[in-house]
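1. Using only what follows, build the 3D model:
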Amino acid sequence: MTATVAPRASSAEKDRLRRDFVRLCEIESPSGREREIVDVLLDELRAAGLDPQEDASAAETGANAGNVMARIDGPVGARTIMLCAHVDTVPLAGPIEVEERDGVLTNRHEAILGADNKAAVAAILGVARRHAAEPPPVGLDLVFTTSEEPGLRGAKALDLGQLRSEFGFVFDHASPIGDLIVAAPTYYRIEGHFRGKAAHAGIRPEDGRNAIVAAAAALASIRLGRLDEGTTANVGRIDGGTAANVVAERCRVELEARSLDHERAGEVVAEIVDALTASASDTECDVELEVQEQFRAYRLPRSAPVVQAAVAALAGVGIEASCIATGGGSDAHAFQARGLPCLNVANGTERNHQPDECVTVYALETMLDATLGIVAHSA
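-> Next up is the predicted model:
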């Protein structure tokens, strides 16, 4: 890595960054409906002189648009790195109209802002414009994924054979700039479908077998919450029954288990499966189980080149890096699982997925400077 100090963003670049961010946030792009924002990205990248491509992943993800990729070549013999952000958001509870108050950008309405992950999209666009005009010291694969929120679908469907990257960066953690996510969990989704026997609750209750009771007994026996420092379990949804005067024939529960230790996650899943199965047997109900590994735990050493580049870039903007673990998932999981070392870099956004989501202008501008620094220090 070079010790050269990366140039900071100019005032004009920072002004453009803010305008891009506002425009991107005000484009509605809940998962599966990314067509408009993908078209905007394609236009902006072409206007910068690049040749962006949209892949065919929509057929696999179910979205109405594909992932977007653009390449900027580096010097002959230089490595290539990936910069990645996702363009979708969680479902919208209202319109998005960005306003700034005392240096903080929020939504004027009671709904998400979309800074997750459009703060990163805007920053990568800024990097694209800079290095389309000024060749970078490394090659750049710029990747914008769809359908990250419902399970990293766009990243999982991306053909890594189209990339040249030696390692990559995603910018998708809602914590202060300086946090580098070097460990992330395995995540399992568990769904249980209980089936009992319907009966009239007031006339022949003894003829029925209550699926809700079976599910409730199972959940009461399962350890939930934080199980140890790196492991959690949760029940997030339960529904069933048809009416108060009917013994419930069906009930469905959705749970999850996460752990920074892959084997530990499997142990928790086994405990949950055993509890669901035992409860069904005890209540003379049937249960069908679905267990899906959504993504697998990974850990990056601080000595890894991808981490060292980010540490140096942050130092260049006066921020000391903090290498941390998270309980959340990101596109980095999908890339790591297929052999592309990838670091999730905190982007300074706050309260993601909430109606009071926000990001400061300082965080936006610092993220652009840090991303320019990552490019410089990856050489």
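
2. So D88 sits against L24, correct?
-> No. Look at D88 against L24 with CB atoms under 8 Å: they stay out of range, at 11.7 Å. (Glycine included, C-beta is placed from N, CA and C.)

3. out of these two, which sits in the busier spot?
-> Shown here are D88 and L24; by other CB atoms under 10 Å, D88 has more neighbours (28 against 24).

4. could you pull out the helices for the stretch 201-350 of the chain?
-> 211-221, 262-282, 305-316, 331-337 (DSSP state H, counting those that start in this stretch).

5. and if you look at the stretch 51-200 of the chain?
-> So, for the stretch 51-200 of the chain - with DSSP H, counting those that start in this stretch - the helices run 58-61, 115-133, 153-157.

6. what comes into contact with the first one?
-> If I follow you right, that is helix 58-61. For helix 58-61, the surrounding residues in contact (CB atoms under 8 Å, 6 or more residues apart in numbering) are G32, N64, A65, G66, T146, S147, R153, G154, A157.

7. Report the rounded mean pLDDT for it.
-> What helix 58-61 shows for mean pLDDT is 97.

8. what's the spacing between that helix and its chain's center?
-> Centre-to-centre, helix 58-61 and its host chain are 18 Å apart (CA atoms, centre = their mean, to the nearest Å).

9. Check which residues of that helix are buried.
-> By neighbour count on 16 or more other CB atoms under 10 Å, the buried set for helix 58-61 is A58, T61.

10. Of all the helices of the stretch 51-200 of the chain, which one comes closest to G328?
-> Judged by CB to CB, the one of the helices of the stretch 51-200 of the chain that comes nearest to G328 is helix 115-133, at 10.9 Å.

11. counting contacts, what elements does the closest one pack onto?
-> helix 11-25, helix 35-47, strand 68-72, strand 80-86, strand 139-145, strand 167-173, strand 358-360, helix 361-377 (3 or more CB pairs under 8 Å, 6 or more residues apart in numbering; DSSP states H and E).

12. wait, which of these is closest to G339?
-> strand 167-173 (10.5 Å).

13. neighbours of V182, just the number please.
-> For V182, using other CB under 10 Å, the count is 22.

14. isn't it right next to A297, touching?
-> No. Counting by CB under 8 Å, V182 stays clear of A297, with 11.7 Å between them.

15. Report pLDDT for G103.
-> So G103 comes in at 95 (pLDDT).

16. neighbours around it, how many?
-> 9.

17. With D228 instead?
-> 11.

18. contacting residues for it?
-> Contacts of D228 by CB under 8 Å, 6+ apart are R264.

19. what sits opposite it in the beta ladder?
-> T231 (DSSP bridges).

20. Kindly report the same for V359.
-> So, taking DSSP bridges as the rule, V359 has L105 as bridge partners.

21. so where's the protein shaky on pLDDT?
-> Applying pLDDT under 70 to the chain flags residues 1-6.

22. Tell me which residue lies nearest the centroid of it.
-> Closest residue to the average C-alpha location of the chain: S330 at 3.5 Å, with CA atoms, centre = their mean.

23. separation between it and P7?
-> 28 Å (CB to CB, to the nearest Å).

24. Then L158?
-> Counting by CB to CB - L158 and P7 are separated by 30 Å.

25. can you check A275 too?
-> 57 Å.

26. and if you look at A312?
-> According to CB to CB, A312 stands 15 Å off from P7.

27. neighbour count winner among the two?
-> Neighbours were counted for A312 and for P7 using other CB under 10 Å; A312 has more, 20 against 13.

28. Pretty sure the more buried one sits against G373.
-> Yes. With contact defined as CB under 8 Å, A312 reaches G373; the gap is 7.2 Å.

29. related to what we said a few turns ago, I'd like the helices and strands packed on helix 115-133 laid out as TSV, including distance to P341.
-> As requested, the helices and strands packed on helix 115-133 are exported to TSV (distance: least, CB to CB, whole Å):
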stretch	distance to P341
helix 11-25	27
helix 35-47	25
strand 68-72	18
strand 80-86	10
strand 139-145	13
strand 167-173	4
strand 358-360	27
helix 361-377	14
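
30. out of these, which comes closest to A321?
-> Of the helices and strands packed on helix 115-133, the one closest to A321 (CB to CB) turns out to be helix 361-377, at 10.0 Å.

31. so that closest one versus helix 305-316, what angle?
-> 130 degrees (axes from the mean of the first three to the mean of the last three CA atoms, to 10 degrees).
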